[in-house]
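[1] I would like the atomic coordinates for the input below:
(chains A, B, C and D)
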There are 2 protein chains.
Amino acid sequence: MSEKRQKLEAAARKRVQRAGLHGLSFRTLADEIGIKSSSVHYYFPEKSDLARVLIERYHEEFFTALHDIASKRWKLKRKLSAFIAIFEAVEARNELCLCGMLALEAEQLDADNIALLGKFFTETEAWLVSLFKEHKAELKTTIAPSVLAMSLLSGLEGALLVDRTLSSRARVKAQKSWIHSLLA
Amino acid sequence: MSEKRQKLEAAARKRVQRAGLHGLSFRTLADEIGIKSSSVHYYFPEKSDLARVLIERYHEEFFTALHDIASKRWKLKRKLSAFIAIFEAVEARNELCLCGMLALEAEQLDADNIALLGKFFTETEAWLVSLFKEHKAELKTTIAPSVLAMSLLSGLEGALLVDRTLSSRARVKAQKSWIHSLLA
DNA sequence: GTCTATATACAGATAGAC
DNA sequence: GTCTATCTGTATATAGAC
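    Have a look, this model is predicted:
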């Protein structure tokens, strides 16, 4: 992948995680990289092409991190902390989850991209479910793993959103202390 | 309040809860009501004025519902179900929480409106905290009421967002079953 | 690959007549 | 209160030269 393309993707992603897809324009994106907007169209013919690439790349990187965590010989508590740390890092950069942001803009996205978002969420939940099942002995709760997985992911996505309006990090922290209270 | 003004607010609110503030234009809003966009400016000089009114009205109605719930002689479980039902109703209309939607668009809002969003979230959490304290005996958990409150609200906001990409209602349901598992 | 130039559409907002 | 008309800005996208 060319250097320009990489710079474009990085700048676009940061902008989307802060201001949403509609908050990203080809003009300002081009300005930031030092080219003209018509040149951005050379790399991404339409805006939906750019959105698709951003989601796919985010998905890739996110699951690379998840696989890293899963491969470690750690206790459940530490693995979950590492998972939550991904969201803490996003929050520390004053950003939102790319897929969470785009989910809110679903009305403006095409069906393909919405499907990619759905895939991101269900696969993340599936990863959590397998984690909970693998470490079943370390969980002291009767809540079903799938409910736990959905609640944790929803909670983190919502926590980023609420915290943002208050310049706080308390809600992501709350998610962490809630989930930790269920561990042996 | 005039009838036109009321119609405008209702239509604007529905549109924002589906497509966000940027997905609402004075032109299409005017078309829907049967007036011209310049007439919309008569009621709401700038778009931020409309946003402010929408947040304030949503806040009002939301807390009217909360006060109704709090005044009932119900068990905690039933009160929490009624609270969650507010979000289920939003989801059933294929909408998002108005404040959750605007939180994602925070970058485009002015400071006053962001403050109103923060107020909505903290007051809702405070309401939940007082509810948990009032019904302390019905709670079988060591999790602090404030953590519980933040987790539940974040969870519901995030659940609406994730469910939307999957045309599902499973995540709001998961929030309900998670919180119910903590009740005596 | 990148540019200039432009087509086209739509946004928020205002002036001034009625 | 509502209109017509318009200003101004910005967006996506494309054509065609270099």
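[2] now do the residue nearest to residue A:160 when sequence neighbours are not counted against residue A:89, distance only.
    The shortest distance from residue A:160 to any non-neighbouring residue, by Cβ to Cβ, 6 or more residues apart in numbering or on different chains, is to residue A:96 (5.0 Å). All C-beta atoms are positioned from the backbone trio N, CA, C, and that covers glycine. In this structure, residue A:96 and residue A:89 are 12 Å apart, going by Cβ to Cβ, to the nearest Å.
[3] kindly report the same for residue A:81.
    Distance from residue A:81 to residue A:89, by Cβ to Cβ: 12 Å.
[4] more neighbours: these two, which one.
    For residue A:81 versus residue A:89, the count of surrounding residues by other Cβ atoms under 10 Å in any protein chain shown is larger for residue A:81: 16 against 11.
[5] how much space between that one and residue A:177?
    Distance, residue A:81 to residue A:177, using Cβ to Cβ: 11 Å.
[6] residue A:183 and residue A:140, how far apart?
    Counting by Cβ to Cβ, the gap from residue A:183 to residue A:140 is 7 Å.
[7] the helix or strand containing residue A:48 near chain B at all?
    Here residue A:48 sits within helix A:47-71, counting by DSSP states H and E. No - residues of helix A:47-71 are not located near chain B by Cβ under 8 Å from any Cβ of the partner chain, the shortest gap being 10.8 Å.
[8] after that helix, heading C-terminal, what element do we hit next?
    helix A:76-92.
[9] contacts only, for the residue of chain A found nearest chain B.
    Across chain A, no residue is closer to chain B than residue A:158, which sits at 2.9 Å (Cβ to the nearest Cβ). Residue A:158 is in contact with A:171, B:100, B:153-159, B:161, counting by Cβ atoms under 8 Å, 6 or more residues apart in numbering or on different chains.
[10] what angle separates the helix or strand hosting it from helix A:76-92?
    Assigned by DSSP H and E, residue A:158 belongs to helix A:145-166. If you take axes from the mean of the first three to the mean of the last three Cα atoms, to 10 degrees, helix A:145-166 sits at 30 degrees to helix A:76-92.
[11] next one: helix A:145-166 to chain centre, how far?
    Here helix A:145-166 is found 11 Å from its chain centre; the criterion is Cα atoms, centre = their mean, to the nearest Å.
[12] check the residue nearest the centre of chain A and give its pLDDT.
    Centroid check for chain A by Cα atoms, centre = their mean gives residue A:97 as the closest residue, at 3.7 Å. The model reports residue A:97 with a pLDDT of 98.
[13] angle of the strand or helix carrying residue A:120 against helix B:145-166?
    Using DSSP H and E, residue A:120 sits within helix A:111-134. Orientation of helix A:111-134 against helix B:145-166 (the same axes, to 10 degrees) gives an angle of 130 degrees.
[14] thinking again about what came up before, who has more neighbours out of residue A:183 and residue A:140?
    Neighbour count, other Cβ under 10 Å: between residue A:183 and residue A:140, residue A:183 has more, with 14 against 9.
[15] thought that one was touching residue A:78?
    No - the criterion here is Cβ atoms under 8 Å, and residue A:183 misses it with residue A:78 at 10.1 Å.
[16] list the contacts of the nearest residue to residue A:25 once chain neighbours are set aside.
    Nearest residue to residue A:25 in three dimensions, chain neighbours excluded: residue A:37, at 7.9 Å (Cβ to Cβ, 6+ apart). Residues in contact with residue A:37, defined by Cβ under 8 Å, 6+ apart, are A:25-27, A:29-30.
[17] what of residue A:84?
    Contact analysis of residue A:84 by Cβ under 8 Å, 6+ apart lists A:156, A:172, A:175-176, A:179.
[18] which two in the residues you listed are spaced the farthest apart?
    A:172 and A:179 (11.2 Å; Cβ to Cβ).
[19] need the per-residue pLDDT for the closest residue to residue A:80 other than its chain neighbours.
    With sequence-adjacent residues excluded and distances taken as Cβ to Cβ, 6+ apart, residue A:80 is closest to residue A:179, at 5.8 Å. pLDDT for residue A:179: 97.
[20] which stretch of helix or strand covers residue A:179?
    Element membership of residue A:179 [criterion: DSSP H and E] is helix A:170-180.
[21] so for that helix, what gets flagged as buried?
    A:170-176, A:178-179 (16 or more other Cβ atoms under 10 Å in any protein chain shown).
[22] spell out which parts of chain A neighbour DNA strand D.
    Where proximity means Cβ under 7 Å from any atom of the strand, the interface of chain A facing DNA strand D comprises A:24-28, A:37-38, A:41, A:45-48.
[23] among the residues you listed, which ones are buried?
    A:24, A:26, A:47.
[24] quick revisit: can you narrow the buried residues of helix A:170-180 to ones near DNA strand C?
    Within the buried residues of helix A:170-180, nothing lies near DNA strand C by Cβ under 7 Å from any atom of the strand.
[25] and the pLDDT at the residue nearest to the residue of chain A closest to chain B when sequence neighbours are not counted?
    Of all residues not flanking residue A:158 in the chain, residue B:158 sits nearest, at 2.9 Å (Cβ to Cβ, 6+ apart). With respect to pLDDT, residue B:158 has a value of 98.
[26] distance of residue B:158 relative to residue B:114?
    From residue B:158 over to residue B:114 the distance is 19 Å, taken as Cβ to Cβ.
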